[in-house]
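K.L.:
quick one, fold the following:
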Amino acid sequence: MGVELASNDLLIYEAEDGYLSDSEAFASVIHVLDGVRMAPVLVAQSDRDQYDYLLSIVDPGKRMGPDEEALLATVLKALSGAVSKIDIMYHGSLLSNIFGLCLWNYGVDARNALLELITTLAAVPDKFLDACLHMLVVNFLPPRRLRESISQSRWLTRKKEIHNELHMALHYITVIIPLAPMKLRNVIDKRMPRYTDPKDVIVLFVECMLGLENDEVGEFLGSTLLAKVVDLLADLDVNITWEDILQEEHNKGIFEMELEDWDDDMDNVAKAGTKLPMENGVLKGNAYADKLDGLMVIVCEHLKLRADSGHLLNVFETLSEIFRIAVLKLHKSKFAQFLMFYACSLDPDICGLKFAVLLTDIFVSKHEDPDSRMKAVSYLASYLARAKFISSSLVASILKRLVDWCFEYCQYQDSQEKKINPQAHRIFYSGCQAVMYILCFRMRAILDVSHLRQLLFHMPLVSILCHPNLDPLKVCLPSIVQEFLRQAKAGRLFKISIPYLDDNSLESEFSKAFGGIERLDMFFPFDPYLLKDSDRFMRPNFEFWSMVKTTYSNCNSEGEDEFDDLDTPDFPENNTHDDLDLDNRDELEFSMNKMSITPNPNFQHPVITNFDQPSRMPARIRPSVSPPW
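P.N.:
From the prediction side, this is the model:
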């Protein structure tokens, strides 16, 4: 390899034909480095001029044409062979220029030469490792001027190339230098974007960083990379308030939309595979939500890549631990938990099962604090209700564990205690509500399988729900209780009439008491996903309430639409439960429209209903209708 010389180039050993070969470039660079390797007052002016010219070649701020870039590549290769001559005391300006070079500004030859020099410098004992790692991590991001055009096809190709080159360089360094992974962890921690940074900075940095997980570097770093990403997701999540989600105008797009308005659009979406327009969409214009959405896309794509390469299980174990430490402790996390949901959907038989068992184990464990147990069972209920990929047999198995725990709890209660105490028994009530909530979504599917139906019929639900002192039907959310009892009656789940106080409100004083200050009685974390771009990862595996086949719906004909004929249950004529006033469709619809976890602005105000509105069936839960995109 050679480069044509300009008249003022390094002329220490000029070739006769006007070209500088690699060996000649190496000799010239050695001469220049040696020429200034002394006290400044002793350096000859000619040597100073040659060194200054070398600095002008390796100038991070200079725009270069093809010839200048070729000369840069030649000099960088020569410097790679002369690293033993580079001294931080005498060549500080040169090192500063080298570490200031931006990979994104050069073609492949110059990039390769620069990365060769950086990896060679990193291998010099106890000198340049920190600076080399910092330079590589800084190059995770393109310059600001390129970020606006990074989505263009030519820049997408370059982005992929540069990210791969960075991963290879970091892989080489971590393999040959034992301390490199620990130092790299610290550098990434310092350079990790914050939730206040622009979206493009967050997304591009995390995209490159997660690529390290696909390499052996990820094994060196352990769970560090994913933990940092989840922390960033959590920071963005907590900065999206419920008020952002429930702005009045946006609220009309999701929470008050009639299902009938969606029938035609949903059919078209299903056929075309497109998204509905996001006019008046929830969180539209919210900067934190937009950042979180973009970040979720990157992380979900990473999980899919890991699954395709057969490494999902290792990632899932890491995610599970991070979930326990970070996400489970969040107060009503809104979106970050959907990483677990998506990871489970990629491997339902192993990951999907493990997550359900993990949540169940936390709930039944006496060693966990009450809030963690209540949050875990809220996650469990919402997960089993919403995850299409979870089989009915697994749902029934988990239900049995929950019911057995609740039944055992009932056996140890003081029979003399007559006054309901929701706060004292809040873990029990959270378990009961979870059972009823799961069955609101899954009862029909369980009853359709003979052996699962027998398992459900033999669960001591009546003994639990009708316990004279605990009386969970009066304490749990009335909206859930009423829908559960309606389906239980239609499915003939109970042989006796279940007394029930007719109550159409979303919440009660009892439910507020057991939910505590965090209102865990109203926490169902896998409610419909409201982020626009990353929705495509969740939607295919998500069970919207409008899709649920209830025990009282008529879904016998093969061609029948799931959304049609959601009429009164087919009750047996000789089994009238006078205690259950289930024929008032208006009242049922009002209560079931509140089954979403999403808080309503009216929580602090008396519940007002308009009974003059046309009746709707409770299956038409507006909060659970899929988002308008």
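
K.L.:
low-confidence bits of the stretch 351-500 of the chain, can you list those?
P.N.:
Flagging of the stretch 351-500 of the chain using pLDDT under 70 yields the residue ranges 414-418, 498-500.

K.L.:
can you give me the helices for it?
P.N.:
Under the criterion DSSP state H, counting those that start in this stretch, the stretch 351-500 of the chain carries helices at the ranges 353-364, 370-386, 392-411, 426-447, 450-457, 461-465, 472-475, 478-490.

K.L.:
give me the helices and strands touching the shortest one, please.
P.N.:
Right, helix 472-475. helix 426-447, helix 461-465, helix 509-515 (3 or more CB pairs under 8 Å, 6 or more residues apart in numbering; DSSP states H and E). Bear in mind the C-beta positions are built from the backbone N, C-alpha and C, glycine included.

K.L.:
dump those to a markdown table, plus mean neighbour count.
P.N.:
Formatted as a markdown table, these follow (neighbours: other CB atoms under 10 Å):
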| stretch | mean neighbour count |
| --- | --- |
| helix 426-447 | 24 |
| helix 461-465 | 20 |
| helix 509-515 | 20 |
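
K.L.:
wait, isn't Thr360 in contact with Leu402?
P.N.:
Yes: taking contact to mean CB atoms under 8 Å, the distance of 7.2 Å between Thr360 and Leu402 places them in contact.

K.L.:
give me the common contacts of the two.
P.N.:
When contacts are counted by CB atoms under 8 Å, 6 or more residues apart in numbering, the set common to Thr360 and Leu402 consists of Leu380.

K.L.:
which one of the helices and strands packed on helix 472-475 lies nearest to Arg486?
P.N.:
Between Arg486 and the helices and strands packed on helix 472-475, the shortest separation by CB to CB is 9.0 Å, and it involves helix 426-447.

K.L.:
now do that closest one against helix 450-457, angle only.
P.N.:
On the basis of axes from the mean of the first three to the mean of the last three CA atoms, to 10 degrees, helix 426-447 is oriented at 150 degrees to helix 450-457.

K.L.:
how distant is helix 426-447 from the center of its chain?
P.N.:
Using CA atoms, centre = their mean, to the nearest Å, the mean C-alpha position of helix 426-447 is found 26 Å from that of the whole chain.

K.L.:
Leu530 and Ala289, how far apart?
P.N.:
8 Å (CB to CB, to the nearest Å).

K.L.:
also Gln152?
P.N.:
Applying CB to CB to Gln152 and Ala289 gives a distance of 25 Å.

K.L.:
can you check Ile420 too?
P.N.:
When Ile420 is compared with Ala289 (using CB to CB), they lie 40 Å apart.

K.L.:
of those two, who's got more company?
P.N.:
Set side by side, Ile420 and Ala289 give different neighbour counts by other CB atoms under 10 Å, the larger being at Ala289 (23 against 17).

K.L.:
could you check the pLDDT of the more buried one?
P.N.:
pLDDT, the model's per-residue confidence, is 93 for Ala289.

K.L.:
next one: phi and psi at it?
P.N.:
phi -60, psi -40 (degrees, to the nearest 10).

K.L.:
isn't it up against Ile240?
P.N.:
Yes: checked against CB under 8 Å, the pair Ala289 and Ile240 is within contact range at 5.4 Å.

K.L.:
pretty sure Leu179 is touching Leu129, no?
P.N.:
Yes: the pair Leu179 and Leu129 passes the contact test of CB under 8 Å, sitting 7.2 Å apart.

K.L.:
and those two? Which one has more around it.
P.N.:
In this comparison of Leu179 against Leu129, neighbours counted by other CB under 10 Å, the higher total goes to Leu129 at 19 against 11.

K.L.:
thought the more buried one was touching Ala122?
P.N.:
Yes: look at Leu129 against Ala122 with CB under 8 Å: they come within range, at 5.1 Å.

K.L.:
which element, helix or strand, includes the residue nearest to the spatial centre of the chain?
P.N.:
Compute the mean C-alpha point of the chain, and by CA atoms, centre = their mean the closest residue is Leu339, 3.6 Å away. For Leu339, the host element (DSSP states H and E) is helix 338-346.

K.L.:
quick one: closest of the helices of the stretch 351-500 of the chain to Leu319.
P.N.:
Taking CB to CB as the measure, the helices of the stretch 351-500 of the chain were each checked against Leu319, and helix 353-364 came out nearest at 9.2 Å.

K.L.:
burial measure for the closest residue to Thr318 other than its chain neighbours, as a count.
P.N.:
On the basis of CB to CB, 6 or more residues apart in numbering, the spatially nearest residue to Thr318 that is not a chain neighbour turns out to be Ser223, at 4.3 Å. By the measure other CB under 10 Å, the count of residues near Ser223 is 18.

K.L.:
what do you get for Leu402?
P.N.:
Other residues lying near Leu402 total 23 when counted by other CB under 10 Å.

K.L.:
contact partners for it?
P.N.:
By CB under 8 Å, 6+ apart, the contact set of Leu402 is Thr360, Phe363, Val377, Leu380, Gly431, Ala434, Val435.

K.L.:
ok, the second one to Ile88 distance?
P.N.:
Distance of Phe363 to Ile88, computed by CB to CB: 58 Å.

K.L.:
okay, the two: which has more neighbours?
P.N.:
More neighbours sit around Phe363 than around the other of Phe363 and Ile88, counting by other CB under 10 Å; the figures are 25 against 12.

K.L.:
where does the stretch 51-200 of the chain dip in pLDDT?
P.N.:
Per-residue confidence of the stretch 51-200 of the chain (counting by pLDDT under 70) places the weak regions at 151.

K.L.:
residue contacts, the nearest residue to Ser309 once chain neighbours are set aside?
P.N.:
For Ser309, ignoring the flanking residues on the chain, the nearest one in space by CB to CB, 6+ apart is Asn214 at 7.2 Å. Applying CB under 8 Å, 6+ apart to Asn214 gives the contacts His167, Leu305, Arg306, Ser309.

K.L.:
how much space separates Asn214 from Arg373?
P.N.:
On the measure of CB to CB, Asn214 and Arg373 end up 36 Å apart.

K.L.:
quick one: buried residues of stretch 183-202?
P.N.:
Using 16 or more other CB atoms under 10 Å as the test for burial, stretch 183-202 gives Lys183, Leu184, Arg185, Val187, Ile188, Met192, Pro193, Tyr195, Lys199, Asp200, Val201, Ile202.

K.L.:
any idea how far the closest residue to Asp471 other than its chain neighbours is from Phe494?
P.N.:
Nearest non-adjacent residue to Asp471, counting by CB to CB, 6+ apart: Ile420, 5.9 Å away. When distances are taken as CB to CB, Ile420 and Phe494 turn out to be 22 Å apart.

K.L.:
next one: Leu465
P.N.:
Summarising the geometry, the distance separating Leu465 from Phe494, computed by CB to CB, is 9 Å.

K.L.:
what do you get for Val449?
P.N.:
Per CB to CB, Val449 is found 19 Å from Phe494.

K.L.:
do the same with Val481
P.N.:
With distances defined as CB to CB, the gap from Val481 to Phe494 amounts to 14 Å.

K.L.:
per-domain residue ranges of the chain.
P.N.:
With domains defined by automatic domain parsing, the chain comprises 2-189, 379-624.

K.L.:
out of those domains, which is closest to Pro348?
P.N.:
domain 379-624 (4.0 Å).

K.L.:
only the buried residues of the lengthiest helix in the chain, if you could.
P.N.:
Of all the segments of type helix in the chain, defined by DSSP state H, the longest one is helix 153-176. Residues of helix 153-176 classed as buried: 155, 158-159, 162-163, 165-167, 169-174 (neighbour count, 16+ other CB under 10 Å).

K.L.:
thanks a lot, catch you later.
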